[in-house]
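*Asks:* Predicted model and sequence below, questions to follow.
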Amino acid sequence: MPAPAKTATRQLLARPERRAAILEAAASAFVHEGFAATSMEDVAAAAGITRLILYRHFASKEALYEAVLDRVSSRLAEEYTGGITHGQLRGLGPRTLLTVAREDPDGFTLLWRHAARERQFADHATRARTHAVALARSVLHGRVADPTREEWAAELVVSYLVDAVLHWLEVGGDPAQDDAIVETVTRAARAMITVWSRPASSP
């Protein structure tokens with residue numbers, strides 16, 4: 001007798017894995033289509049699940065978007081703290097950003113580029129940037145004497161580092177070259193800080 005035909009079965013994931021898969025699908029949908037144009041049905045289809053399963057994890061589209069941002073913010077904090085704990089201080093800023101961006105490129109882009117333009121999530125984007133600027137300011141403190149220039153420099157450093165990472169991903173930068181990019185970005189940032197530390201009248 002011929003062997004019975006095999007029937008396809010849906011892969012069952014543990015709740016944390018399912019949640020991670022949903023967040024990845026949601027980040028991709030939101031970053032490519034925007035918040036308003038993305039429906040819960042779109043996310044469910046991208047994640048390969050039903051709307052019922054999606055709503056078991058997230059009560060609304062707003063909660064889903066916020067969860068994507070929370071995941072990126074949490075990973076940035078975790079990665080940065082881990083670098084400090086292990087004494088990996090050189091290039092810590094750009095390395096932290098690039099590591100998390102490689103893990104979750106759409107979520108990273110959503111946090112640093114798109115969220116600020118969405119009224120419901122602008123506060124989250126502002127908090128992320130404010131925290132990053134505070135860290136930059138702590139590094140610059142005492143190196144840029146004038147308080148106004150110090151604040152300006154801290155804002156500029158954050159913009160430079162975030163854009164450096166985003167553009168590296170957008171041009172299709174080879175992951176094998178990530179360490180070299182971190183070193184290049186670090187050297188450039190240090191050179192800028194050296195110039196900013198000079199009195200305004202210095203050449």
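*Replies:* It's in.

*Asks:* Quick one: residues contacting the closest residue to residue 122 other than its chain neighbours.
*Replies:* Spatial nearest neighbour of residue 122, excluding adjacent residues (Cβ to Cβ, 6 or more residues apart in numbering): residue 116 at 5.5 Å. The C-beta positions use only the backbone N, C-alpha and C, and glycine is treated the same way. By Cβ atoms under 8 Å, 6 or more residues apart in numbering, the residues touching residue 116 are 122, 125, 126, 129.

*Asks:* Just the pLDDT at residue 116, thanks.
*Replies:* pLDDT, residue 116: 95.

*Asks:* now swap in the one 10 residues further on and tell me
*Replies:* If you check residue 126, the pLDDT there is 97.

*Asks:* The one 4 residues further on now?
*Replies:* For residue 130, the pLDDT comes out at 97.

*Asks:* Can you tell me how far it is from residue 124?
*Replies:* Using Cβ to Cβ, to the nearest Å, residue 130 is found at 11 Å from residue 124.

*Asks:* Low-confidence stretches in the chain?
*Replies:* Scanning the chain for pLDDT under 70 picks out 1-13, 200-203.

*Asks:* Of all residues in it, which one is nearest the centre?
*Replies:* Centroid-nearest residue in the chain, with Cα atoms, centre = their mean: residue 108, separated by 2.6 Å.

*Asks:* so that residue sits right up against residue 69, yeah?
*Replies:* No: the criterion here is Cβ atoms under 8 Å, and residue 108 misses it with residue 69 at 10.1 Å.

*Asks:* Spit out the contact partners of the nearest residue to residue 196 once chain neighbours are set aside.
*Replies:* Spatially, and ignoring its direct neighbours in sequence, residue 196 is nearest to residue 153 (4.8 Å; Cβ to Cβ, 6+ apart). Contacts of residue 153 were listed using Cβ under 8 Å, 6+ apart, and they are 136, 140, 144, 192, 193, 196.
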